[in-house]
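Engineer: everything below, folded, please.
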Amino acid sequence: MTSILSSRAGGVTSDPVGYQATVRPRKAAVRELASGVVLTYRELDDRVARAAGWLMARLGDPSGQRVAMLGRNSID
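Structural biologist: Next up, the predicted model:
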């Protein structure tokens, strides 16, 4: 992933979801059209962190590894 330069943060971040969760946690990040479910950046960042923790618990140290995901178009 390439870094994103942000003048608001005063620096560079490689975690755009985490950055948005910090500066605008209540703003809608994802909207599932079929169900109308909306996740805020804070909620999305929490789900990303939980998924990363789950993967780390199963794969160990992910340094240098690539992980792919295949799934249906859904928030879950």
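Engineer: what residues sit buried inside the lengthiest helix in the chain?
Structural biologist: Ranked by residue count and defined by DSSP state H, the top helix of the chain is helix 41-59. Within helix 41-59, the residues that count as buried by 16 or more other C-beta atoms under 10 Å are 41, 42, 43, 44, 45, 47. Every residue, glycine included, has its C-beta placed from N, CA and C.
Engineer: which regions of the protein sit below the pLDDT cut-off?
Structural biologist: Scanning the chain for pLDDT under 70 picks out 1-13.
Engineer: all strands for it, in order.
Structural biologist: Assigned by DSSP state E, the chain shows strands spanning 4-6, 11-13, 28-31, 38-40.
Engineer: partners of the longest one in the sheet?
Structural biologist: Looking back up the chat, that one is strand 28-31. When pairing is defined by DSSP bridges, strand 28-31 lines up against strand 38-40 (antiparallel).
Engineer: please list the residues outside the strand it pairs with that contact it.
Structural biologist: 25, 26, 27, 28, 29, 30, 31, 32, 47, 75 (C-beta atoms under 8 Å, 6 or more residues apart in numbering).
Engineer: ok, stretch 66-76 next?
Structural biologist: Counting by C-beta under 8 Å, 6+ apart, 30, 32, 35, 37, 39, 55, 59 sit against stretch 66-76.
Engineer: how about the third one: what's its closest non-neighbour residue?
Structural biologist: Setting aside the residues directly before and after it, residue 35 is nearest to residue 75 in space (C-beta to C-beta, 6 or more residues apart in numbering), at 7.7 Å.
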